[in-house]
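Asker: With the input below, show me the fold.
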Amino acid sequence: MAHVDATSRAFGRRAAQGSSGAQALHVARTLLFSASLAAVLVGCAQNKCPAGSELRAGLCKPKSKQGASAAADAAVDAGAAGAHVASGADKDAGYDAGPTHATDAGHTAYAADSGTANTTCDHAYVLVRNACVRDYCVQLSGEDSPCPANATCSAGTTLNKVCTCNTGYVQSGNACVRDHCVMLQGEAPACQANATCGNGTAATPTCICDAGYDLTSGVCNRNACELLTGAPDPAACGANQTCTPTTPGQKQCSCVAGYADCDGNASNGCEVTPASDANNCGKCAYACAGGLSCTSGVCADRVKLMAVGYYGTCAIRPTGSVLGWGAPPALFPADSKPITQPTILDRPAAAQISVGINHTCLVAQGTLSIVCWGQNGYLQLGSGVSTDTTQTLSVPAGVRAIGAGNEASCAVISSSGDVVCWGDGSGALMGDGVARPSGASNQAFNVTDPVHGVGGAVDVGVGYDMACALTAAGGVLCWGHDPKSSTYYTPEPVKGNDNSDLTDVAAITVGYQHACALRSNHQVVCWGDNAKGQLGLNQTPVARNRYLAVPLPSGALGLAAGGTHTCAVVQGGTVYCWGDNGYGQLGSGSLTQTSSSTPLLIPSFSDVVAVYSGSTAVHSCARKHDGNVYCWGFNYYGELGGAQTGSVFSVPQLIPTSLWP
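Answerer: Okay, the predicted model is just below:
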């Protein structure tokens with residue numbers, strides 16, 4: 001209502017005292033209205049209102065309280081027509097009526113200077129600047145609840161009241177649903193320690209371990225590999241290591257790919273790169289032989305290929321240069337005494353090499369030719385004249401493999417896979433279907449006269465009076481003299497007891513009168529002469545023209561047949577040998593056991609990657625992972641290459657680094 005000053009109120013009271021009740025009331029109201037109007041007019045005329053009021057909508061009205069909302073101001077202004085209407089004749093003269101929806105508590109009394117009132121608003125109303133305004137957060141009879149269950153109402157004096165879900169509840173559509181991630185009084189935590197609750201509105205909330213913790217056995221345990229930020233802990237492991245959590249609060253440090261911990265010192269992590277460390281090549285403690293480098297975890301080859309014969313041994317270096325040791329004339333035609341250590345031969349760089357009993361042949365590197373030297377009494381050097389002169393045989397189509405036997409040689413032609421043989425043709429070694437009489441059997445090299453029916457060959461081996469070829473399809477064909485007194489003038493496939501052809505062969509090796517094959521499944525099979533148990537079948541020494549499997553303890557990786565013995569390197573790098581042991585060629589450390597029909601382990605000899613022997617040899621050699629070369633067996637002509645003074649060695653003998661040129 002408009003502001004009324006103290007003078008007007010006093011005047012009204014005196015007028016009322018000098019008149020009758022009704023007349024006095026009328027006079028008081030008239031005076032009050034006149035005084036109010038006068039005050040308003042004076043204020044309007046002077047463009048100002050009395051103290052405690054302000055000009056709004058052309059009228060002087062009580063000033064707004066500091067901080068009152070605009071909505072409350074509007075409610076008061078809008079109620080000017082009724083909020084201050086007198087409540088009736090029961091009100092004493094000179095007292096203003098209270099606002100609508102108010103209960104008078106000892107009359108509505110306004111202080112002249114403040115406009116305060118002793119008014120109590122009705123239910124569901126609140127006093128806002130001398131006006132009782134509807135509080136929509138309070139439910140009246142017949143009304144719907146102002147908010148959904150589990151919610152609290154606020155800002156009820158505005159039409160857009162605010163409903164806020166209570167603690168432990170979250171809004172879902174128009175409802176407040178239970179948030180199980182928020183613990184109410186008396187409840188147990190939804191998640192265990194070191195875990196964060198999620199999806200709390202589900203019947204079973206999701207608990208996710210905090211950063212730096214992992215779930216093990218239903219408990220969030222400290223991850224020893226992480227910081228509490230969840231980032232990897234750089235101090236958890238050493239250099240070049242990865243950290244893996246194990247049992248709660250524990251960890252395992254492992255070397256990253258390409259590194260190894262060879263010193264066992266956890267503080268410096270994984271300090272070795274086995275791919276290139278010559279002292280730990282491939283793995284810890286695998287040191288390359290003196291002066292050899294390590295590449296891709298493999299020691300550089302001191303030799304990449306070896307060939308073994310009765311009188312001597314040859315080796316091809318990675319560069320292709322040829323080394324030899326042993327006796328003339330097979331290796332050193334110009335010398336008269338044995339050479340007992342590796343010596344560079346004056347020969348062209350070689351890709352392949354094979355040593356017979358008295359001659360040697362190689363395939364020249366980068367050229368299309370064969371070079372043979374030694375004795376030539378059977379034309380085994382390839383020329384048509386039986387003089388002991390080094391021969392170079394031209395092969396325009398290229399040579400894939402070479403094999404030298406007792407007094408004959410064979411080669412695989414690259415372009416066709418044909419096999420060409422020359423030298424002693426007795427025993428049908430030429431394989432051309434011709435039965436040659438004794439004394440007229442020698443044949444010179446003739447690339448146009450190949451062995452019949454062996455197209456597609458990839459390797460060849462030559463023995464005393466027999467030869468075998470490996471085909472690209474994994475089959476094996478043999479020709480010549482059969483130990484069971486048969487002679488095959490043309491190649492025949494090797495068969496098993498069920499008369500099926502031998503297949504799936506990866507490599508072949510030919511001895512004096514027996515042969516063996518390494519299949520792609522790492523199985524070894526042998527056939528032929530078995531007089532010394534060289535087939536390894538644990539059977540009576542009876543020759544076989546059908547192949548049988550050799551009982552090795554594990555799969556074979558390499559295979560070599562000697563004259564009357566055989567050796568194989570198996571998975572794990574150990575070596576087993578069987579057959580003749582008259583000169584210690586089995587490497588078992590015993591000379592009293594002259595033969596064995598079952599494979600014998602060479603003791604204390606491991607990390608072997610290749611084994612070598614030859615069809616006329618009574619010794620064997622092996623190359624280890626570190627690049628070192630060992631030989632054992634017959635050494636009368638220095639065949640073992642270690643400058644030994646003895647003639648027989650039944651255990652492997654190292655060729656020292658100092659002896660290699």
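
Asker: Which helix or which strand is home to the residue sitting nearest the centre point of the chain?
Answerer: Taking Cα atoms, centre = their mean, the centroid of the chain lies closest to Ala257, which sits 8.9 Å from it. Counting by DSSP states H and E, no helix or strand carries Ala257.

Asker: how close does it sit to Ala643?
Answerer: Counting by Cβ to Cβ, to the nearest Å, the gap from Ala257 to Ala643 is 43 Å. For the C-beta atoms, the positions are set from N, CA and C on the backbone; glycine is no exception.

Asker: Let me know the pLDDT of the residue nearest to the centre of the chain.
Answerer: pLDDT recorded at Ala257 is 93.

Asker: now it: how far from Asp263?
Answerer: Note on Ala257: its distance to Asp263, by Cβ to Cβ, is 19 Å.

Asker: now the strands: where do they sit in the stretch 301-450 of the chain?
Answerer: Ranges of strands in the stretch 301-450 of the chain, per DSSP state E, counting those that start in this stretch, are 305-308, 312-316, 322-326, 339-344, 350-355, 359-364, 369-374, 391-394, 399-404, 408-413, 419-423.

Asker: Bridged to the closest residue to Gly614 other than its chain neighbours, which residues?
Answerer: Nearest residue to Gly614, sequence neighbours excluded (Cβ to Cβ, 6 or more residues apart in numbering): Val308, at 4.1 Å. With DSSP bridges as the criterion, Val308 is bridged to Thr313.

Asker: burial count for Val308?
Answerer: Residues within reach of Val308, counting by other Cβ atoms under 10 Å, total 28.

Asker: Hmm, His619 and it touching each other?
Answerer: Yes. Between Val308 and His619 there is a contact under Cβ atoms under 8 Å: 6.6 Å.

Asker: Need the overlap of contacts for those two.
Answerer: Gly562, Ser613, Glu639 (Cβ atoms under 8 Å, 6 or more residues apart in numbering).

Asker: Turn those residues into a markdown table, including pLDDT.
Answerer: Output for those, formatted as a markdown table (pLDDT from 0 to 100):
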| residue | pLDDT |
| --- | --- |
| Gly562 | 98 |
| Ser613 | 98 |
| Glu639 | 94 |
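
Asker: Now, of the residues you listed, which are buried?
Answerer: Gly562, Ser613, Glu639 (16 or more other Cβ atoms under 10 Å).

Asker: dump the residue contacts of the second one.
Answerer: Taking Cβ under 8 Å, 6+ apart as the contact definition, Ser613 lies against Val308, Thr509, Ala560, Ala561, Gly562, His565, Thr566, Cys567, Gln585, His619, Ser620, Cys621.

Asker: So which of the shared contacts of Val308 and His619 is the closest to Asp459?
Answerer: Ser613 (15.7 Å; Cβ to Cβ).

Asker: Let me see the backbone angles for the closest one.
Answerer: phi -160, psi -170 (degrees, to the nearest 10).

Asker: so how far is Ala411 from it?
Answerer: For Ser613, the distance to Ala411 - Cβ to Cβ - is 20 Å.

Asker: Quick check: Asp179 touching Gly200?
Answerer: Yes. Here Asp179 lies in contact with Gly200, judged by Cβ under 8 Å, at a distance of 4.2 Å.

Asker: what do those two both touch?
Answerer: Residues touching both Asp179 and Gly200 (Cβ under 8 Å, 6+ apart): Val170.

Asker: Give the burial count for Cys142, as a bare number.
Answerer: In this structure residue 142 is Gly, not Cys. Neighbour count of Gly142, defined by other Cβ under 10 Å: 5.

Asker: Could you measure from it over to Cys163?
Answerer: 20 Å.

Asker: how about stretch 177-191 as CSV, C-alpha atoms only?
Answerer: Provided in CSV are the C-alpha atoms of stretch 177-191 (Å, rounded to 0.1, in the frame of the first residue of the first chain):
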residue,chain,number,x,y,z
VAL,A,177,16.1,-43.2,-8.7
ARG,A,178,18.5,-44.7,-6.2
ASP,A,179,22.2,-44.2,-6.9
HIS,A,180,23.9,-47.2,-5.2
CYS,A,181,27.3,-45.5,-5.6
VAL,A,182,26.3,-43.0,-2.9
MET,A,183,26.3,-44.5,0.6
LEU,A,184,23.4,-43.6,2.9
GLN,A,185,23.7,-43.6,6.6
GLY,A,186,24.0,-47.2,7.9
GLU,A,187,24.9,-48.6,4.5
ALA,A,188,28.1,-50.4,3.5
PRO,A,189,30.2,-48.9,0.7
ALA,A,190,29.1,-50.0,-2.7
CYS,A,191,32.8,-50.7,-3.7
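
Asker: what's the spacing between that stretch and its chain's center?
Answerer: Per Cα atoms, centre = their mean, to the nearest Å, the displacement of stretch 177-191 from the mean C-alpha position of its chain is 43 Å.

Asker: Repeat that for stretch 306-323.
Answerer: Distance of stretch 306-323 from its chain centroid, counting by Cα atoms, centre = their mean, is 41 Å.

Asker: mind checking the end-to-end distance for that stretch?
Answerer: Taking Cα to Cα, to the nearest Å, stretch 306-323 runs 9 Å from one end to the other.

Asker: Equivalent analysis for stretch 370-383, please.
Answerer: 12 Å.

Asker: Touching that stretch from outside, list them.
Answerer: Here stretch 370-383 makes contact (Cβ under 8 Å, 6+ apart) with 329-331, 333, 347-348, 356, 358-364, 385-393, 395, 399, 402, 404, 407-409, 411, 422-424, 442-445.
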